[in-house]
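Colleague: Model the structure of this input:
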Amino acid sequence: MFKALVLDEADGKVSAALKQLDDTALPQGDVTVAVKYSTINYKDGMIVSGLGRLVRSYPHVPGIDFSGVVESSGHPGFAPGDEVVLTGWRVGETHWGGFSQKARVKGDWLVKLPQGLTCKRAMAIGTAGFTAMLAVNALERHGITPDSGEVLVTGAAGGVGSVAVAVLAKLGYRVVASTGRASTHAYLRELGAAEILDRAVFSEGNKKPLDAERWAGCVDSVGGTTLTTVLSQMKYRGSVAAVGLAGGNSLNGTVLPFLLRGVNLLGIDSVMCPMNERKDAWERLTRDLPMDKLDAMTSEAGLADLPELAGAILRGEVQGRKVIDVNR
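Modeller: Numbers count the residues shown, from 1 in each chain. The predicted model follows:
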């Protein structure tokens, strides 16, 4: 028997409860993992709260990330005892996920933990940190270097933003962090932010299709009006890595930044990301993310805390990274 957070739906309403399950309840897959840790992301908050119709079949075990130890394997790439991490592949949406003490998945979805990375730190990174690293990789592929100029990180106190600030600062960039929470300013400076701007500067919108050039690059997890404003302020041939939509999924701007300044809008998808890029991102995270700063941005909770945390993350009240100890 193992413990899991199980979602059920009745009369269009989703409820969550901790339940004891046995191995026969696990979905199909060729690798069974004894989960050690998971984490909570914005998408998890939506799923646990029953929003967005991301889950279509109930009962369901959510959790889009997990790390743990292989218990049994029919996959040639994994053996019992291997430490592994999983993010993406719509696990936690269409396939049972990591808010559980056990998970069964396709081995093709798993990545062996890089040397020196623990299961707990892998989930302190999670989809949020993994996505941040993909965004940094994309900016670099499009020619952005520390010498190019300032890099803006929006939604900087959240999971993606926190890791992006820490990684970019270590790589030598001058990082400007945008946040709406004054209580996070000291936290962001400790991560390496050189300057902090109130999110209202961007979220209130900019009527100019082209504003003064400032940003060489940007990691944007907000979208909506914020993204439109940022695009108007990009330097010539600057790049924005778009990773989220906490501020909305619309983009009501003009094409002028693209046509007159050659600005690049780079979409970052961590869910179906090819395996070679996954492995590269995880290896880079072990090198380029300061582990002391990762630990400083991380707090811990248990499976029973997840319903409350789901609401908190949707309200923008979760700072940094929250690791879920499934055995707590």
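Colleague: where along the stretch 201-328 of the chain do the helices fall?
Modeller: With DSSP state H, counting those that start in this stretch, the ranges of helices along the stretch 201-328 of the chain come out as 224-232, 256-260, 275-288, 291-296, 306-314.
Colleague: so what secondary structure elements neighbour the last one?
Modeller: For helix 306-314, the elements it packs on are strand 13-21, helix 42-48, strand 321-325, judged by 3 or more CB pairs under 8 Å, 6 or more residues apart in numbering; DSSP states H and E. Just so you know, the C-beta spots here come from the backbone N, C-alpha and C atoms, and that holds for glycine as well.
Colleague: Flag every buried residue along it.
Modeller: Under the neighbour-count criterion of 16 or more other CB atoms under 10 Å, helix 306-314 has Leu306, Pro307, Leu309, Ala310, Ala312, Ile313, Leu314 buried.
Colleague: Not counting residues beside it along the chain, what's closest to Glu204?
Modeller: In this structure, Glu204 finds its nearest non-sequential neighbour in Thr225, 7.4 Å apart by CB to CB, 6 or more residues apart in numbering.
Colleague: cool, and Thr127?
Modeller: Thr87 (4.6 Å).
Colleague: got it, and Gln20?
Modeller: Gln20 sits nearest to Met1 (CB to CB, 6+ apart), 5.0 Å away.
Colleague: Bridged to Phe2, which residues?
Modeller: Leu21 (DSSP bridges).
Colleague: Please tell me how far it sits from Pro307.
Modeller: 19 Å (CB to CB, to the nearest Å).
Colleague: Check Ser73 too.
Modeller: 32 Å.
Colleague: quick one: the strands in the stretch 151-300 of the chain?
Modeller: 151-153, 175-179, 195-198, 215-220, 234-242, 264-267, 298-302 (DSSP state E, counting those that start in this stretch).
Colleague: Can you check which of these gets nearest to Cys273?
Modeller: Comparing the strands of the stretch 151-300 of the chain against Cys273 with CB to CB, the closest turns out to be strand 264-267 (11.6 Å).
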